[in-house]
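Undergrad: Provided below are the primary sequence and the corresponding predicted coordinates.
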Amino acid sequence: MNKKCFGVDLGGTTTKIGLFQLDGTLIEKHEIPTNKEENGIYILDNIEAFINNVIVKNSLDIKDIIGVGIGVPGAVTDDGVVNKCINLGWDVTDVEDIMKKKTNFKIKVGNDANMAALGEYWKGGAAEFSSIALVTIGTGIGGGIIMNGRPINGFNGAAGEIGHIPIVYDETETCNCGKKGCLEQVASASGIVRVAKKFLIATDKPSTLRGAEEISAKLVFDEAKNGDIVAFEVVEYITKYLGLALANVAGIIDPECFVIGGGVSAAGQYLVDLIAANYKKYVFHPCKDTKIVLARLGNDAGMYGAAKLVIDSSKDS
């Protein structure tokens with residue numbers, strides 16, 4: 001009854017660390033800076049040290065800690081090897097093996113978007129479904145796939161990278177990934193701002209966006225809800241591509257549910273309804289009634305998913 005685990009969501013700026021009971025109860029959570037100096041060589045040491053501090057502070061018996069799950073912002077193979085992580089400065093890194101040697105705990109490692117998806121599947125907006133695809137719409141667009149409770153990593157650890165599906169065929173600018181026409185270029189928070197500025201240049205229609213000190217994705221959605229014509233045209237444009245992208249994903253994995261998370265999901269049901277309308281236009285007919293719901297765990301989803309990953313692994317071993 002006293003068994004516990006840690007769920008770690010390793011981000012480019014901060015690292016979230018949660019102590020969990022095995023039923024998914026979050027006992028306490030913390031956030032520490034992610035030290036990326038010298039190509040991130042201190043990151044895993046810092047996580048180990050903080051976990052040890054939590055154990056000591058709470059007078060925990062290490063025999064009661066079943067392990068540590070870690071979500072990493074990069075492609076991760078099934079055996080816990082991170083296939084490079086530019087945001088952290090890492091080359092190919094066997095995080096699972098390194099952390100096992102540092103902590104003597106069972107370690108399980110997964111992609112951060114997959115961990116967020118697993119968290120939403122376990123305790124969030126998709127808890128009633130058996131297979132889901134999470135789309136996180138923030139500064140970029142990430143994705144995670146859960147099938148029958150298991151994250152799908154793919155051979156190269158890159159499954160679920162919906163943000164880099166090349167879908168905007170007339171795009172002339174280059175994405176951060178080096179390709180052109182990625183979904184992320186038009187439908188991420190930064191992509192929405194980019195599209196809005198293009199629309200404002202291309203039309204002389206009146207718009208409250210023109211007088212804005214700074215255009216943001218939130219402002220675009222707020223003004224669209226308020227009836228601004230140009231803002232609504234931008235929203236129609238980006239949700240067309242989101243719906244089309246989800247339709248393409250459905251044609252391959254056919255999930256029971258899509259979950260929309262990330263900062264842009266604060267637009268709420270308004271965003272979901274527009275995505276769903278476009279999804280139904282493009283999707284193969286057997287998949288047209290697939291649910292599209294909002295994420296519920298916010299920034300804690302990755303911690304929950306990482307904890308669930310190591311809990312499930314301990315059951316399998």
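TA: Thanks, I have the structure now.
Undergrad: For the rest of this, base every contact and every neighbour count on C-alpha atoms.
TA: OK.
Undergrad: The helix or strand containing F6: partners in the sheet, and parallel or antiparallel?
TA: Taking DSSP states H and E as the definition, F6 sits inside strand 4-10. Strand 4-10 has its sheet partners listed here by DSSP bridges as strand 14-21 (antiparallel), strand 65-72 (parallel).
Undergrad: which of these is buried the deepest?
TA: Sort the strands paired with strand 4-10 by mean neighbour count, taking mean count of other Cα atoms under 10 Å, and strand 65-72 sits at the top with a mean of 26.
Undergrad: got the contact list for G124?
TA: Contacts for G124 were tallied using Cα atoms under 8 Å, 6 or more residues apart in numbering; they are A295, R296, L297, A301.
Undergrad: now do K280
TA: K280 neighbours (Cα under 8 Å, 6+ apart): G243, A247, K288, D289.
Undergrad: State the pLDDT value of it.
TA: pLDDT, K280: 97.
Undergrad: Please apply the same query to H164.
TA: Predicted confidence (pLDDT) for H164: 92.
Undergrad: for L19, which residues make a bridge with it?
TA: Counting by DSSP bridges, the residues bridging with L19 are F6, E28.
Undergrad: State whether it and D9 are indeed in contact, as I suppose.
TA: No - checked against Cα atoms under 8 Å, the pair L19 and D9 is beyond contact range at 11.9 Å.
Undergrad: any idea which residue sits dead centre in the chain?
TA: By Cα atoms, centre = their mean, the chain has its centre lying nearest to A113, at 3.4 Å.
Undergrad: just to revisit the earlier point, and the contacts of K280, which are buried?
TA: Listed as buried from these are G243, A247, K288; burial here means 16 or more other Cα atoms under 10 Å.
Undergrad: For the first one, list the residues it contacts.
TA: Read it as G243. Under the criterion of Cα under 8 Å, 6+ apart, the contact list for G243 reads I275, A276, A277, N278, Y279, K280, Y282.
Undergrad: Would you pull up how far the host helix or strand of N53 lies from the middle of the chain?
TA: Counting by DSSP H and E, the element that carries N53 is helix 43-57. Relative to the centre of its chain, helix 43-57 is centred 24 Å away, using Cα atoms, centre = their mean, to the nearest Å.
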